[in-house]
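Engineer: based on what follows, work out the 3D shape:
(2 chains)
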Number of protein chains: 2
Amino acid sequence: MDKNELLALLQPDIEHINHTMRREISQCGNARLQHILEYALFNGGKRIRPLLTVLAARLCAFSRMPEGLAAEDELQPPVNLYQLAAVFEFLHGASLLHDDVIDNAGRRRGKPSANSVWDNTQVILAGDYLHTRAMTMAGTAGDHHTLALIGFATAAMIQAEFQQMQTVQERNLSEENYFAVLRGKTGCLISAACEVGAYFAQGSEQHQLALRNYGDALGLAFQVVDDLLDYQGDPAKTGKAIGNDFVEGKMTLPLLHALQNSTEAASAHIMDLLKGEAAARAAKITEVHGFIEQHQGFAYARQGAEALVEAANEALAVFPDCQSRRVLAGLAQYVLTRQK
Amino acid sequence: MDKNELLALLQPDIEHINHTMRREISQCGNARLQHILEYALFNGGKRIRPLLTVLAARLCAFSRMPEGLAAEDELQPPVNLYQLAAVFEFLHGASLLHDDVIDNAGRRRGKPSANSVWDNTQVILAGDYLHTRAMTMAGTAGDHHTLALIGFATAAMIQAEFQQMQTVQERNLSEENYFAVLRGKTGCLISAACEVGAYFAQGSEQHQLALRNYGDALGLAFQVVDDLLDYQGDPAKTGKAIGNDFVEGKMTLPLLHALQNSTEAASAHIMDLLKGEAAARAAKITEVHGFIEQHQGFAYARQGAEALVEAANEALAVFPDCQSRRVLAGLAQYVLTRQK
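Structural biologist: Numbers count the residues shown, from 1 in each chain, chains lettered A, B, ... in the order given. Sure, this is the predicted structure:
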């Protein structure tokens, strides 16, 4: 399935999701707040998380149908599924707003970030508003279990932020730690988006688990590719400077692998850079890029991402071959080829 | 009921509430995060909001009992009522953490604020964690309706922050606007704390409404007294400098009333100060204090607070005379006499 075909198939759901989000934020009761929310949420986001909820629900619903009873594309989801789907975009948006304040970021997706248009106060509060609406929608469009799943994922995101801060401070080198942070920061919300869709459509426990596993692998793959793009991406496309993670002192998979496979002296040199000043690191990006290349760090991370995408596809094997399954497989494949 | 008697009656519930909060934050999965949460939550807070939830529930449960069936103090609430009660302290704590980051506050309740011990990043994230746990507990210890009530109150808090920013910018003078901001910032969460308790105990609609009205009046009275203490309190007790609101350009009820009752020239002079620099306002606190006094601003606000406490007590009149009702009446009375 090529990218254009995939996008065409996803378009109707994207429109439903956007409509749901717009309706929701139009009820926020304050013109300024609404403006910030619109700016932050309608900013070129691909709606991956809410799409996963809708696709997972449709896949489970279709898989339970007696053969030939309904065409898959006639399975029009109920309104509250789109509300649950929007929850994930709201939570993602809330965390981006707070992240941009925390990082003092100037740009987001090629535009001035919300915190550079308004001030930190208003952006923190707008993030809180999205957060509170998302959690309320989670428990009212869904049930106890839905809310517990989403609450768990949101808490995991915050725990992972703390773990990452410690990792940076302690320069903790383990791959296990790297993946634990990735899972918390990205994987948990993505796997919850899938699982909530499956649960909503009353998928069997096997189907719920399969979609959770799909989401987990997809989320990790997505983030490993993100870490590769940080070193190898085209800044004109990614909107980020090359080697930004290294400058911030973050050790991602390519560098981790290179450090584990280099001589002690070479590794110590990089570690000294990591302990030093950001400005000194910024001056060494080309050198570090060469170091990672020389020790197969990029190839290793690429292979890791490919293995994760394979695992995501394997998780889908319990479902009958159908359009929703092919779209989910297409999304996983797209993760490997994305350039931004 | 004097203050010591009130405190003695409340103590067992306070201990249950604290125990519930400690158990909850001990599960946060990160030592640093847990430390910040403990610091922020066990910091001399009076637990007014969670107490209201427990007391409202007990009052409704007792009111439904056939006479003489159970002694009121034997009505031991179930565990999940304390969880719902803790939700309100968590939400209050989350908003204080974010407020202190927003205001760049150095102190909170006489101790260094969390953001001056850790950094903004960690404090924003700790606030998010409390928020997400609170909303999850709201919907799992409670039901759809509970979560909707709490979500509404939390959203109202944020809307009121935006409204207040506009009020400050536009120097909007209406009392209506002043009370609308107060209700959103404080009243909604307090009335929700009462209503959630009443709903949890399956109080009648009349009883739920009565407790919501009690909480609304109590919350407004509490905040009017806060605004009085800002001008008239003892900084050694309140932990805040005299006239802080005026320095920040906030027009509270005492000043509002004085402006409405002064000559045009005197009023224009104060308005010029409000449009100017904070440092210029700080130098004029004594003058402004005299201006408010001269135009009965303090007396007017004090009468307003007294009328609100009376309204809170009137709302309780639908309940039989019993200990929980007397404690709630005592809390309302305490609002008028508090000095911090």
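Engineer: what's the local residue count around the closest residue in space to A:A105 that isn't next to it in sequence?
Structural biologist: Distances taken as C-beta to C-beta, 6 or more residues apart in numbering or on different chains place A:S113 nearest to A:A105, at 4.8 Å, with adjacent residues excluded. For every residue, glycine as well, the C-beta is placed using N, CA and C. When neighbours are defined as other C-beta atoms under 10 Å in any protein chain shown, A:S113 has 23 of them.
Engineer: enumerate every residue touching A:S113.
Structural biologist: Contact partners of A:S113, counting by C-beta atoms under 8 Å, 6 or more residues apart in numbering or on different chains, are A:100, A:105-107.
Engineer: how near is it to chain B?
Structural biologist: Relative to chain B, A:S113 is positioned 15 Å away (C-beta to the nearest C-beta, to the nearest Å).
Engineer: and the pLDDT at that residue?
Structural biologist: A:S113 carries a pLDDT value of 88.
Engineer: now it: how far from B:F222?
Structural biologist: Distance of A:S113 to B:F222, given as C-beta to C-beta, to the nearest Å: 37 Å.
Engineer: wait, a strand at A:Q27?
Structural biologist: No: counting by DSSP: H, G, I helix; E, B strand; the rest coil, A:Q27 falls outside a strand, being coil.
Engineer: who touches it in this structure?
Structural biologist: Neighbours of A:Q27 in contact, by C-beta under 8 Å, 6+ apart: none.
Engineer: how about it, phi and psi?
Structural biologist: phi -100, psi 10 (degrees, to the nearest 10).
Engineer: go on, A:S113?
Structural biologist: The phi/psi pair for A:S113 (degrees, to the nearest 10) is phi -70, psi 160.
Engineer: can you pull out the strands in chain A?
Structural biologist: Along chain A, counting by DSSP state E, strands occupy A:107-108, A:111-112.
Engineer: who does the first one pair up with?
Structural biologist: This points to strand A:107-108. Sheet pairing for strand A:107-108, assigned by DSSP bridges, gives strand A:111-112 (antiparallel).
Engineer: which outside residues touch the partner strand?
Structural biologist: A:43, A:106.
Engineer: about what we covered before: dump the strands of chain A to CSV, plus mean neighbour count and distance to A:D230.
Structural biologist: Converted to CSV, those look like this (neighbours: other C-beta atoms under 10 Å in any protein chain shown; distance: least, C-beta to C-beta, whole Å):
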stretch, mean neighbour count, distance to A:D230
strand A:107-108, 16, 15
strand A:111-112, 12, 20
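Engineer: now stretch A:155-169: buried residues?
Structural biologist: By 16 or more other C-beta atoms under 10 Å in any protein chain shown, the buried positions in stretch A:155-169 come out as A:155-165, A:167.
Engineer: got it, and stretch A:35-52?
Structural biologist: Buried residues in stretch A:35-52, counted by 16+ other C-beta under 10 Å: A:35-37, A:39-41, A:45, A:47-52.
Engineer: could you dump those residues to CSV with pLDDT?
Structural biologist: Shown next, in CSV, are the buried residues of stretch A:35-52 (pLDDT from 0 to 100):
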residue, pLDDT
A:H35, 96
A:I36, 96
A:L37, 97
A:Y39, 96
A:A40, 95
A:L41, 96
A:G45, 84
A:R47, 95
A:I48, 94
A:R49, 96
A:P50, 97
A:L51, 97
A:L52, 97
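Engineer: which of these come close to chain B?
Structural biologist: Counting by C-beta under 8 Å from any C-beta of the partner chain, nothing from these sits close to chain B.
Engineer: so who does the closest residue to chain B within the stretch 151-300 of chain A touch?
Structural biologist: With C-beta to the nearest C-beta, the shortest gap between the stretch 151-300 of chain A and chain B falls at A:G151, namely 3.0 Å. Applying C-beta under 8 Å, 6+ apart to A:G151 gives the contacts A:135, A:138, B:132-133, B:135-136, B:139-140.
Engineer: check what pLDDT it gets.
Structural biologist: 96.
Engineer: now pLDDT and distance to A:D119 too, for the buried residues of stretch A:155-169, in a markdown table please.
Structural biologist: Formatted as a markdown table, these follow (pLDDT from 0 to 100; distance: C-beta to C-beta, whole Å):
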| residue | pLDDT | distance to A:D119 |
| --- | --- | --- |
| A:A155 | 96 | 28 |
| A:A156 | 95 | 29 |
| A:M157 | 94 | 24 |
| A:I158 | 95 | 23 |
| A:Q159 | 95 | 28 |
| A:A160 | 94 | 27 |
| A:E161 | 92 | 22 |
| A:F162 | 93 | 26 |
| A:Q163 | 91 | 30 |
| A:Q164 | 88 | 26 |
| A:M165 | 87 | 25 |
| A:T167 | 79 | 31 |
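Engineer: and which of those is nearest B:R171?
Structural biologist: Distance to B:R171, by C-beta to C-beta, is smallest for A:I158 among the buried residues of stretch A:155-169, at 38.3 Å.
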